[in-house]
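Visitor: pasted the sequence and its predicted model underneath.
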Amino acid sequence: MSESPPVVDEEAPVRTDARSADPFVREITVSDVNEAWAQGLRDFQTAPIFGLVFGGFYALAGIAIVASVSALGLSYLTYPLAAGFALIGPFAAVGLYEVSRCLEAGLAPSWSRVLGVVVEQRNRQLAWLAFVVLFIFVVWMYIIQLLLALFIGFHGFATLKDLLSILTTTPEGVAFLVLGNAIGAFLSLILFALTVVSIPLVLDHEIDFVTAMITSVRAVVMNPAPMLGWGFTVGVLLALASLPLFLGLVFVLPILGHATWHLYRKVVDPVPE
């Protein structure tokens with residue numbers, strides 16, 4: 001006797017929606033953010049050499065940028081470049097995300113593994129996220145030059161001190177600072193929303209960068225107080241760490257990097273494989 005074909009329930013829902021596999025965003029509280037800070041500090045203390053090396057390279061890059069614009073007589077670009085330099089912080093911390101992932105899995109991080117993961121990202125979605133950040137940075141620099149032309153004009157500035165004197169003692173200079181910082185804060189908020197979760201997410205899972213950015217925005221929208229508080233704290237710490245010739249970044253960047261990984265793990269559920 002032949003077997004009967006299986007009965008198919010035509011009313012049963014079939015999940016064909018491509019977005020059904022999107023990451024699940026959790027709601028978090030300020031206590032979760034505080035715990036992420038504590039876990040980031042713990043990771044830095046557990047494997048300090050990785051944090052010090054990555055933080056050291058990041059600080060040296062900042063010093064090199066400022067020295068270059070000064071040598072070229074472009075002192076008026078020092079402040080916007082230094083402010084924009086903070087935008088690449090999450091990318092400088094990619095290796096630190098891998099260190100935290102190893103520690104989380106109970107593995108001993110090694111340079112071969114960490115650097116291997118960093119190099120591998122050039123062929124993955126992280127490169128597209130880097131393009132988005134670079135685009136916003138270029139927009140920021142063009143806006144600054146436009147504002148300089150409108151409010152101050154491209155007069156020669158012999159030293160950075162001369163520029164600061166104009167910015168702080170003339171109405172045009174003060175207007176430039178107010179409007180420039182307001183636009184910079186707006187661009188920073190956009191970039192923060194797009195990348196706070198997306199960068200560790202594409203490192204952790206094979207997921208396209210557009211979905212990762214959407215997930216990052218969803219995380220901020222669902223958790224406005226904790227996430228915006230996090231972003232404000234990160235901005236203040238980066239600014240303070242940059243004041244002594246970027247040297248504070250040697251210690252601040254690693255803690256921020258490790259803490260960002262743990263914040264990502266609290267906000268986003270693992271992506272279905």
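Guide: On my side now, so go ahead.
Visitor: do you know how far residue 84 is from residue 245?
Guide: Distance from residue 84 to residue 245, counting by Cβ to Cβ, to the nearest Å: 17 Å. From N, CA and C alone the C-beta is placed, and that goes for glycine too.
Visitor: ok, those two, which is more surrounded?
Guide: residue 84 (21 against 12; other Cβ atoms under 10 Å).
Visitor: nearest residue to that one in space, please, no chain neighbours.
Guide: Ranked by Cβ to Cβ, 6 or more residues apart in numbering and with sequence neighbours excluded, the top spatial neighbour of residue 84 is residue 137, at 5.0 Å.
Visitor: number of residues surrounding that neighbour?
Guide: Counted by other Cβ under 10 Å, the residues lying close to residue 137 total 19.
Visitor: okay, and it sits in which element?
Guide: Assessed by DSSP states H and E, residue 137 sits inside helix 126-151.
Visitor: so which elements touch that helix?
Guide: Judged by 3 or more Cβ pairs under 8 Å, 6 or more residues apart in numbering; DSSP states H and E, helix 126-151 is in contact with helix 78-85, helix 89-92, helix 171-195, helix 198-204, helix 209-222.
Visitor: single out the most deeply packed of those helices.
Guide: Looking across the helices and strands packed on helix 126-151 with neighbours counted as mean count of other Cβ atoms under 10 Å, the highest average goes to helix 198-204: a mean of 26.
Visitor: need the helices for the stretch 1-150 of the chain, in chain order.
Guide: 30-46, 48-71, 78-85, 89-92, 94-104, 111-120, 126-151 (DSSP state H, counting those that start in this stretch).
Visitor: those helices: which one's closest to residue 262?
Guide: Taking Cβ to Cβ, helix 30-46 is the member of the helices of the stretch 1-150 of the chain nearest to residue 262, at 4.2 Å.
Visitor: give me the angle between the closest one and helix 94-104.
Guide: Angle, helix 30-46 to helix 94-104, by axes from the mean of the first three to the mean of the last three Cα atoms, to 10 degrees: 90 degrees.
Visitor: neighbours around residue 76, how many?
Guide: Based on other Cβ under 10 Å, the number of other residues close to residue 76 is 22.
Visitor: pull up the gap between it and residue 31, please.
Guide: In terms of Cβ to Cβ, residue 76 sits 44 Å off from residue 31.
Visitor: then residue 118?
Guide: In terms of Cβ to Cβ, residue 118 sits 32 Å off from residue 31.
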